[in-house]
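K.L.:
model the following, please.
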Amino acid sequence: MPEFVAEWEQCAFIFEWRTPLACVRSDKSVGNESNGEDDSGPSHGSVAFVVVFVVGSVYMLGGFLYNRVFNLSSGLRGIEQLPNYKFWRGAFLGFKRAILLVADGVDRLADVVRGRRGAIHIDAAEHNIRNEIFASNDDDDYDYDDDALPFALR
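P.N.:
Numbers count the residues shown, from 1 in each chain. Predicted coordinates for the structure are as follows:
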């Protein structure tokens, strides 16, 4: 049952409520030992992390040493000496390409949702080229005809 302890500046009230549910007990009968588990050892996640780290380190170091010492005829240099370099580079580039495709799809979906179905996406390089071609210079006396352009305007 809560008990009134004090009032502070007629705005805050302090109560005390004694209950055994709020306190941590030190006896082992309440903890995980009653169901047969012990908290003193490492967790399963930390063991898995250490195993993956050790296996990955042995793979990288062993593959690097093999390519460096025994595989001299291949002419590998620098980062290419890592084991299965072409595979990992291809996997990275494929993953990067997939993320860019998903981002582009989300961008196009957002355009559809916003009602801009016919929105034309012009990247910065194309924008700069268009500005160079169609920039109006007062010094030029050329009259550009649409028929004389080697490409069709969008």
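K.L.:
distance of residue 3 relative to residue 14?
P.N.:
Remark: distance between residue 3 and residue 14 (Cβ to Cβ, to the nearest Å) = 10 Å. Placement of C-beta: from N, CA and C, glycine included.
K.L.:
any idea of the pLDDT on the closest residue to residue 79 other than its chain neighbours?
P.N.:
Taking Cβ to Cβ, 6 or more residues apart in numbering as the measure, residue 79 lies nearest to residue 85, with 6.6 Å between them; neighbours along the chain are not counted. Residue 85 carries a pLDDT value of 86.
K.L.:
and residue 85, how many neighbours?
P.N.:
For residue 85, the count of nearby residues is 16 (other Cβ atoms under 10 Å).
K.L.:
doesn't residue 74 make contact with it?
P.N.:
No: judged on Cβ atoms under 8 Å, residue 85 makes no contact with residue 74 at a distance of 10.8 Å.
K.L.:
what residues of the longest helix anywhere in the chain count as buried?
P.N.:
Once the chain is assigned using DSSP state H, the helix that runs over the most residues is helix 85-114. Within helix 85-114, the residues that qualify as buried are residue 85, counting by 16 or more other Cβ atoms under 10 Å.
K.L.:
how is this protein partitioned into domains?
P.N.:
Domain ranges of the chain: 43-83, 86-135, per automatic domain parsing.
K.L.:
hey, least reliable of the ones you listed by pLDDT?
P.N.:
Least confident of the domains of the chain, judged by mean pLDDT, is domain 86-135 with a mean of 79.
K.L.:
so which residues of the chain form helices?
P.N.:
Counting by DSSP H, the segments of the chain that form helices are 44-65, 85-114, 124-134.
K.L.:
columns distance to residue 9 on top of those helices, output as CSV?
P.N.:
Compiled in CSV, those are given as follows (distance: least, Cβ to Cβ, whole Å):
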stretch, distance to residue 9
helix 44-65, 49
helix 85-114, 53
helix 124-134, 62
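K.L.:
looking at those helices, which is nearest to residue 7?
P.N.:
The closest approach between residue 7 and any of these, judged by Cβ to Cβ, belongs to helix 44-65 at 48.6 Å.
K.L.:
next, the buried residues of the closest one.
P.N.:
Within helix 44-65, the residues that count as buried by 16+ other Cβ under 10 Å are 63, 64.
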